[in-house]
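Participant: No sequence on hand, only this structure:
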C-alpha cells in the first residue's frame, strides 16, 4: 500500500526521500499572525463563517522527557466552526497533559490527545480535520498524527520532502474502501 501511494505521489510530481535530519516542519496553513515563538491563525475563506484554525507553539515542559519542542496543529472545520474551535482551544493543553501522563512518550501522548479531542467534540453536528505535529528539540524528528485530509508536509534543510499520514480518498485506495 505504501508503494502504491508513493507511485501515485511520484506520478503527481512529488518525489519523496524518507529521511529525518535537520528537520524543518511546515503545515499546510495560511497563518496570518506571528507573535514571537507562537502564532495562531484562522481562515474564513469563501464560507459564511470562520471554520479553519492553526496553532504553533514552542513548548517547555520541565521534567518530562522530550518536553522541549515545537507543537503545530491545523484544524479544517466542516459544517460549522464549533468542532474546529474546540480542538483549537484544547489540543495544546491536552497534549501537554498527555505528555506528562505518558512520561514523555510522544506516540502515546498524540494518541491520548486524539482520544480526548474526540470526547470533547463527539456531540457536535459539525466536524473538523486535525493534523498535529510535535518536533522535540532533543531529536531530529517530527511526530505527526492526522485525522482527515489536512496534510503534514515535512521539509528538511536540504529541501527534501516527507509527507505525513494521508487520510484522503483522492490519494489512498484504503480510504476509498473505508468510505464505501
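Facilitator: Yep, that arrived. A quick note: this is a predicted structure, and the numbers were derived from the prediction, not measured. Residues are numbered from 1 along each chain as shown.

Participant: could you list every residue that touches residue 68?
Facilitator: Under the criterion of C-beta atoms under 8 Å, 6 or more residues apart in numbering, the contact list for residue 68 reads 58, 59, 60, 61, 136, 137, 138. For the C-beta atoms, the positions are set from N, CA and C on the backbone; glycine is no exception.

Participant: Buried ones among those residues?
Facilitator: When neighbours are counted using 16 or more other C-beta atoms under 10 Å, these contain these buried positions: 59, 61, 136.

Participant: So what's the residue count around the nearest residue to the second one once chain neighbours are set aside?
Facilitator: If I follow you right, that is residue 61. Distance criterion C-beta to C-beta, 6 or more residues apart in numbering; nearest residue to residue 61, sequence neighbours excluded, is residue 67 at 3.4 Å. Around residue 67 there are 18 other residues, counting by other C-beta atoms under 10 Å.

Participant: Select the longest helix from the protein.
Facilitator: Of all the elements of type helix in the chain, the one with the most residues (DSSP state H) is helix 82-101.

Participant: Mind giving me the packing neighbours of that one?
Facilitator: On a contact count with 3 or more C-beta pairs under 8 Å, 6 or more residues apart in numbering; DSSP states H and E, helix 82-101 meets strand 52-60, strand 68-78, helix 106-121, strand 127-136.

Participant: what pairs with the second one, and is each one parallel or antiparallel?
Facilitator: The reference is to strand 68-78. Strand 68-78 has its sheet partners listed here by DSSP bridges as strand 52-60 (antiparallel), strand 127-136 (antiparallel).
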